[in-house]
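# can you look at this prediction? I've put the sequence above it.
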Amino acid sequence: MDALARLTSKGQLTVPKAVRDALDLQVGDNVHFRVEGQIVVLARTPDLLELAGSVSVPPQVRGKSWDEIRDAAWAAQWREGDA
């Protein structure tokens, strides 16, 4: 899909409706711009709260702090390296 937009004197763009629809952009959504040479890639960034529950947490780490989880992971990695 191709779409055009005009840059305003304030450096603002209106995202064309076809692009908003294709990316399912809604008011308040965050948009990520990545520049690759003379090309810009625009992507909708997910709300992190929408991702809640999408990754299962193993029972053995539930309720532990990130420091405890990280330390256990490092210890396991060292044990595997010694084997």
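Thanks, I have it.
# quick one, strands of the chain?
30-36, 39-45 (DSSP state E).
# just the helices in the chain please.
17-23, 66-82 (DSSP state H).
# tally of neighbours for the closest residue to Leu7 other than its chain neighbours?
Excluding the flanking residues, the one nearest Leu7 by C-beta to C-beta, 6 or more residues apart in numbering is Leu13, at 5.9 Å. Quick note: C-beta positions are derived from backbone N, CA and C, even for glycine. For Leu13, the count of nearby residues is 10 (other C-beta atoms under 10 Å).
# what pLDDT does Leu13 get?
In the predicted model, Leu13 carries a pLDDT score of 93.
# need the contact list for it.
Ala5, Arg6, Leu7 (C-beta atoms under 8 Å, 6 or more residues apart in numbering).
# please convert the residues you listed to TSV, extending it with neighbour count and distance to Leu49.
Putting the contacts of Leu13 into TSV (neighbours: other C-beta atoms under 10 Å; distance: C-beta to C-beta, whole Å) gives the following:
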residue	neighbour count	distance to Leu49
Ala5	11	29
Arg6	7	34
Leu7	9	32
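# looking at those, spot the one nearest Ser54.
Within these, the smallest distance to Ser54 is 32.6 Å, found for Ala5 (C-beta to C-beta).
# give the contact list for the closest one.
Leu13, Thr14, Val15, Pro16.
# closest to Val35 out of the residues you listed?
For these, the nearest to Val35 is Leu13 (14.2 Å; C-beta to C-beta).
# backbone dihedrals for that closest one, please?
Phi and psi for Leu13, reported as degrees, to the nearest 10, are phi -120, psi 150.
# so how far is Asp24 from it?
18 Å (C-beta to C-beta, to the nearest Å).
# could you export the helices of the chain as CSV, including mean neighbour count, distance to Val41 and mean pLDDT?
Output for those, formatted as CSV (neighbours: other C-beta atoms under 10 Å; distance: least, C-beta to C-beta, whole Å; pLDDT from 0 to 100):
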stretch, mean neighbour count, distance to Val41, mean pLDDT
helix 17-23, 13, 12, 93
helix 66-82, 10, 31, 85
